[in-house]
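**Student:** sequence first, predicted model second:
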Amino acid sequence: MKKIVGSALGVIVALGALSTAGAWYTGQQLPDVLETSIKQANEDMAKTLPAVGLSATIELVSLERQLFSSHARYRIQFAGSLDGESPSNFEWFVTDRIEHGPFPLSRLQTLKLMPVMATSNYVLERSPELEKWFAASQDGAPLQGQVSLGYDRSMSGNLRLQPLKVALDEQTHIDFTGLEIDFDSSANVEKISASGVMDSLTVTSTLSTDERMRLEFKGMNLTSNTRKGVSDFYLGQNEVRLQQIELQIGESAPILLKDFVQRDETSEANQQLSARYSYDIGMISYQGNDIGSSEMLWTVKNLDAVALQSMIELYGTLLQSGKVDSESGMPELTDEQTAQFKADLEKLLAGKPGMALEKLAFKTANGESSFSFGLDLNKPASFDLPAPELAKQLIAQLDAKLLVSKAMIGDVVGVQAAIAGETDKEAIAQQAAMMSEMASGMAVASELAIVQGEDISTSLHYANDQVTFNGKQMSVEQFAALAMSSGGGLAGMGDDAPIDGTLLDDPEAESSLQ
């Protein structure tokens, strides 16, 4: 028994000695570790923040070292402008209680037993500039979190934005339940994964019409898995999900967007970037009536990474210096900057970039309508060419297609009638059929669309100065003439349409549908 007790005490003493030695080692290494981490963070921010018109730097103001913990204080200085107007400068201070490894107490308390070099417990400091933010967070630190640094320089931790209620001005108020984000990163932030949750964010505002507008986001979840590519752009996937978005203006019934999902994915090959951006709405609802679902998918391809990075840095520099018009978004370029932009643009176009709205769709109970558009570009021989010739050389090909489901038109008319309080199902059905047939007639009369079965469609393809429109080949001039001449027929058909969308009361009109 004595031997067992003696062995146990020996293990405890050994662990204590190991922990003390590890804490001493961390204390000795901490200044160099902090200096390296701050330098890396400043380099990363110098590459990414200029794109939104900001710059930021982190500085270690003080460091007080003890055996098992240290206390650090950082200054974060911001400069630039998010709105393209006059630049502004401000700074935040962050205090940090650093627990030395290998076994920080806060990790042991949560049963995290893997040894780490140190655990940072950071908190945003109160200041006169942040007084309103602190007051809105019920006088607690609105931004805080914890980060553990591994011996391999990997990091894991969390960031917390505290709940707040604040009046931005006399018209606008925000009620925020808080946001929590957990993250992990490899050494030098080469790989990052993150997940976050938010219960709700509500914005209420009084409009110019004295009506009250209320916008609420509920049940948000976000996930991110990215890695730094050869070009220093982060590649991978990000996703944001919202259970519901609710918009209400005045006393009218709210518009509900249910099961909203936004995804993006970026990839890289041969120093060219490609990306996909999708937006899905599970259901759009109004006054308790489910109208339909919607989806949108954008893609870009063949973006020269070096040229794109240079253009982003240039635009960021202009934003920070206030050289971008806040209304038009157009930059003011010097001759040198103009030459740089032109060189970057030529390099970008030499890679034959393309962008496409691959799908914009709206789906109801019985039909789905969609629109797609794609544009591929080329590098022209010169940007000084006449506009028609420049456009001809710049556009490699263009594709567009519109498909309208007659069944979807009927569904929308039915929902509109139900919202208006109509209860005569037979009359609603007749109105829906009439509107569908009217749309078909307008398509045929205008010569801008064709009817294929239960769908009204229009397709356009352009390449090599030739147009294929709804299956018919023609020159650009012939297509322009067709589009202009078809407008008169479309306007004439519109004279017979019911203006307000209400049900027809004319028996002859009703009988003509039977």
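**Tutor:** Now that the structure is in, tell me what you want to look at. Numbering: from 1, shown residues only.
**Student:** is S267 in a helix, a strand, or coil?
**Tutor:** The three-state label given to S267 by DSSP: H, G, I helix; E, B strand; the rest coil is strand.
**Student:** so what pairs up with it in the strands?
**Tutor:** Counting by DSSP bridges, S267 forms beta bridges with S274.
**Student:** now do the SS call for the closest residue in space to A46 that isn't next to it in sequence.
**Tutor:** Counting by C-beta to C-beta, 6 or more residues apart in numbering, S55 is the residue found nearest to A46 once chain neighbours are left out, at 7.1 Å. The way it works is simple: take the backbone N, C-alpha and C, and place the C-beta from them, glycine included. Recorded secondary structure, S55: strand (three-state DSSP).
**Student:** and S55, what is it in contact with?
**Tutor:** With C-beta atoms under 8 Å, 6 or more residues apart in numbering as the criterion, the residues that contact S55 are 45-46, 49, 78-80, 320.
**Student:** just the buried ones among those residues, please.
**Tutor:** A residue is treated as buried here by neighbour count (16 or more other C-beta atoms under 10 Å); on that basis the buried members of the contacts of S55 are 45, 49, 79-80, 320.
**Student:** for D344, state which of those is nearest.
**Tutor:** When those are compared for distance to D344 (C-beta to C-beta), Q320 wins out at 18.4 Å.
**Student:** quick one, phi/psi of the closest one?
**Tutor:** phi -60, psi -30 (degrees, to the nearest 10).
**Student:** I'd say it and V52 touch.
**Tutor:** No - using C-beta atoms under 8 Å as the test, Q320 is too far from V52 to be in contact (9.8 Å).
**Student:** any stretches of the stretch 301-450 of the chain with poor pLDDT?
**Tutor:** Using pLDDT under 70 as the threshold, the predicted model of the stretch 301-450 of the chain has low-confidence ranges 326-329.
**Student:** helices along that one, start to end?
**Tutor:** Taking DSSP state H, counting those that start in this stretch to define them, one finds helices in the stretch 301-450 of the chain at 305-320, 335-350, 387-394, 406-419, 425-446.
**Student:** okay, the ones you listed in JSON lines with distance to T177 next?
**Tutor:** Conversion of these to JSON lines gives the following (distance: least, C-beta to C-beta, whole Å):
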{"stretch": "helix 305-320", "distance to T177": "32"}
{"stretch": "helix 335-350", "distance to T177": "43"}
{"stretch": "helix 387-394", "distance to T177": "49"}
{"stretch": "helix 406-419", "distance to T177": "32"}
{"stretch": "helix 425-446", "distance to T177": "42"}
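**Student:** and D182, which of those is closest to it?
**Tutor:** The closest of the helices of the stretch 301-450 of the chain to D182 is helix 305-320. By C-beta to C-beta, the value is 28.9 Å.
**Student:** tell me the angle of the closest one relative to helix 335-350?
**Tutor:** Computed with axes from the mean of the first three to the mean of the last three C-alpha atoms, to 10 degrees, the direction of helix 305-320 lies at 140 degrees from that of helix 335-350.
**Student:** may I see the buried residues of helix 305-320?
**Tutor:** With burial defined by 16+ other C-beta under 10 Å, the residues of helix 305-320 counted as buried are 305, 307-320.
**Student:** out of the buried ones among the contacts of S55, who's nearest S274?
**Tutor:** Nearest to S274 out of the buried ones among the contacts of S55 is L49 (C-beta to C-beta; 24.0 Å).
**Student:** tabulate the buried ones among the contacts of S55 (CSV), appending distance to G178 and secondary structure.
**Tutor:** Shown next, in CSV, are these (distance: C-beta to C-beta, whole Å; DSSP: H, G, I helix; E, B strand; the rest coil):
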residue, distance to G178, secondary structure
M45, 25, helix
L49, 25, helix
A79, 29, strand
G80, 27, strand
Q320, 31, helix
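**Student:** so what's the residue nearest to I255 when sequence neighbours are not counted bridging to?
**Tutor:** The shortest distance from I255 to any non-neighbouring residue, by C-beta to C-beta, 6+ apart, is to L247 (4.8 Å). Beta bridges link L247 to L215, I255 when assigned by DSSP bridges.
**Student:** tell me if I'm right that K165 and A136 touch.
**Tutor:** Yes - with the criterion set as C-beta under 8 Å, K165 and A136 qualify as a contacting pair; they are 5.9 Å apart.
**Student:** neighbour count: those two, which is higher?
**Tutor:** In this view K165 and A136 are compared by other C-beta atoms under 10 Å, and A136 has more residues nearby, 19 against 14.
**Student:** check which helix or strand covers the closest residue to that one other than its chain neighbours.
**Tutor:** Leaving aside its sequence neighbours, A136 sits nearest to V166 (C-beta to C-beta, 6+ apart; 3.6 Å). Mapping V166 onto the secondary structure by DSSP states H and E places it in strand 164-167.
**Student:** what is the helix or strand just after that strand packed up against?
**Tutor:** On the C-terminal side of strand 164-167, the nearest following helix or strand under DSSP H and E is strand 172-176. Applying 3 or more C-beta pairs under 8 Å, 6 or more residues apart in numbering; DSSP states H and E, we find strand 172-176 packed against strand 164-167, strand 191-206.
**Student:** possible to save the ones you listed as JSON lines with distance to T223 and mean pLDDT?
**Tutor:** Rendered in JSON lines, the data for the helices and strands packed on strand 172-176 read as follows (distance: least, C-beta to C-beta, whole Å; pLDDT from 0 to 100):
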{"stretch": "strand 164-167", "distance to T223": "24", "mean pLDDT": "90"}
{"stretch": "strand 191-206", "distance to T223": "5", "mean pLDDT": "96"}
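**Student:** let me have the ones you listed in TSV, extended by distance to L222.
**Tutor:** Formatted as TSV, those follow (distance: least, C-beta to C-beta, whole Å):
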stretch	distance to L222
strand 164-167	19
strand 191-206	4
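**Student:** T119 is nearest to which of these?
**Tutor:** With C-beta to C-beta as the criterion, T119 lies closest to strand 191-206 of the helices and strands packed on strand 172-176, at 18.4 Å.
**Student:** for that closest one, buried residues please.
**Tutor:** Of the residues in strand 191-206, those scored as buried under the neighbour-count criterion (16+ other C-beta under 10 Å) are 191-196, 198, 200-202, 204.
**Student:** cool, stretch 455-473 as well?
**Tutor:** Across stretch 455-473, burial judged by 16+ other C-beta under 10 Å covers 455-462, 467, 469.
**Student:** which phi and psi does Q287 have?
**Tutor:** Dihedral pair for Q287: phi 50, psi 40, per degrees, to the nearest 10.
**Student:** find the nearest non-adjacent residue to it, please.
**Tutor:** Excluding its sequence neighbours, the residue lying closest to Q287 (C-beta to C-beta, 6+ apart) is A253, at 4.3 Å.
**Student:** what of L319?
**Tutor:** Distances taken as C-beta to C-beta, 6+ apart place G53 nearest to L319, at 3.1 Å, with adjacent residues excluded.
**Student:** what does the one you found show for phi and psi?
**Tutor:** For G53, the backbone dihedrals are phi 80, psi 20 (criterion: degrees, to the nearest 10).
**Student:** so it sits against G316, correct?
**Tutor:** Yes - the criterion here is C-beta under 8 Å, and G53 meets it with G316 at 6.4 Å.
**Student:** could you double-check that E190 lies in contact with T226?
**Tutor:** No - in this structure, E190 is not within contact of T226 by C-beta under 8 Å, at 9.8 Å.
**Student:** so what's the residue count around V230?
**Tutor:** Summarising burial for V230: neighbours were counted as other C-beta under 10 Å, giving 11.
**Student:** for it, helix, strand, or coil?
**Tutor:** Reducing the assignment to helix, strand or coil with three-state DSSP, the entry for V230 is coil.
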